[in-house]
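S.K.: Fold the stuff below for me.
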Amino acid sequence: MVDYRSWEPWYEAIREAFGYSLEEDERAARILDDLLSDFDIQEALKRARELLKGKTVLVFGAGPNLEEHLKLVKEALGGLNRACITLVSADGATAALLKAGLRPDIITTDLDGDVNAILKANRACSLVVVHAHGDNIRALLEHVKSFRNGFLLGTCQTRPVGRVLNFGGFTDGDRAVFMAFHLGAHRILLTGWYFGGLVGRFSKPWLQEHVKAGKVKSMKLDFARKLLSWLASLYPGRIFVLDEEVPKATTIGPGELASFLRGGGS
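M.R.: Sure thing, here's the model as predicted:
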């Protein structure tokens, strides 16, 4: 578990690197707290714990390798007991999972991916974890009230406010990993993650193909990789990455995936 005191130095480093406003981040958290006033947060938090505690958690990023990894995962999941496996999609990856016939159990999002896909999954009982920051206030106001009661949590990157939590984390993907460990996940496998400077087409709803990462996106991916490496040092032997490298995490190849999901490789 990473508490706010442990997370705050990372948040300050992120604010300095990107020029984010503390005041706007705090305002977004207060707005999300108000929007959540009619939602049963305790029921959603209970559901999240049930989905994550003691489980093998697959966190899907929206990298250019996502569709390839989804095929591998679907094949490896065939015939397995899914009771001990939880699927988490990071924002835009949700559309790819639904296209592949996999409904994510949990979605982490700041609402700049395919919101229609996220709403569709939420109506089918996917738990959505909406993140508030200074740049997405308009999206919060537009979409939060559309989600299912009991299937919605809110997070922020500042100090927690009222109904809004802070598990730690920066991007949609690494926030999912922070949350999973905070709520008791046994081990985590990152799939559809890519740090090589190419953005997957599912990252944003308007993309038709993979594109080269710009400066800001590259910086975000670099921070995500550093955060994941830090978590891997805090939870040794419990973070795995499919066909990609994160310092201090364990890389597994496609041929090891089925064994991993059956309980090997831990």
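
S.K.: just so I have it, where are all the strands in the chain?
M.R.: 56-60, 85-90, 106-109, 127-132, 152-156, 164-165, 187-191, 198-199, 211-212, 239-242, 250-252 (DSSP state E).

S.K.: Indicate which one of those strands is closest to His69.
M.R.: strand 187-191 (4.4 Å; Cβ to Cβ). For glycine as for every other residue, the C-beta is placed from the backbone atoms N, C-alpha and C.

S.K.: Quick check: neighbours of that closest one in the sheet, parallel or antiparallel?
M.R.: Under the criterion DSSP bridges, strand 187-191 sits next to strand 56-60 (parallel), strand 239-242 (parallel) in its sheet.

S.K.: circling back to that earlier point, nearest approach to Asp3 belongs to which of the strands of the chain?
M.R.: strand 164-165 (11.7 Å).

S.K.: Pull the residues that contact the closest one.
M.R.: For strand 164-165, contacts defined as Cβ atoms under 8 Å, 6 or more residues apart in numbering pick out 29, 32-33, 36, 45, 132, 153-156.

S.K.: ok, 6 Å please
M.R.: With Cβ atoms under 6 Å, 6 or more residues apart in numbering as the contact definition, strand 164-165 has outside contacts at 29, 32-33, 154-156.

S.K.: With stretch 147-158 instead?
M.R.: 11, 25-26, 29, 32, 36, 39-40, 43-44, 122, 127-133, 164-166.

S.K.: where does the nearest residue to Leu77 once chain neighbours are set aside sit relative to Gly150, distance-wise?
M.R.: Of all residues not flanking Leu77 in the chain, Leu261 sits nearest, at 6.6 Å (Cβ to Cβ, 6 or more residues apart in numbering). Going from Leu261 to Gly150 by Cβ to Cβ, to the nearest Å gives 29 Å.

S.K.: Over to Asp3?
M.R.: Relative to Gly150, Asp3 is positioned 26 Å away (Cβ to Cβ).

S.K.: and Leu111, what does it touch?
M.R.: With Cβ under 6 Å, 6+ apart, Leu111 has these contacts: 136, 139, 143.
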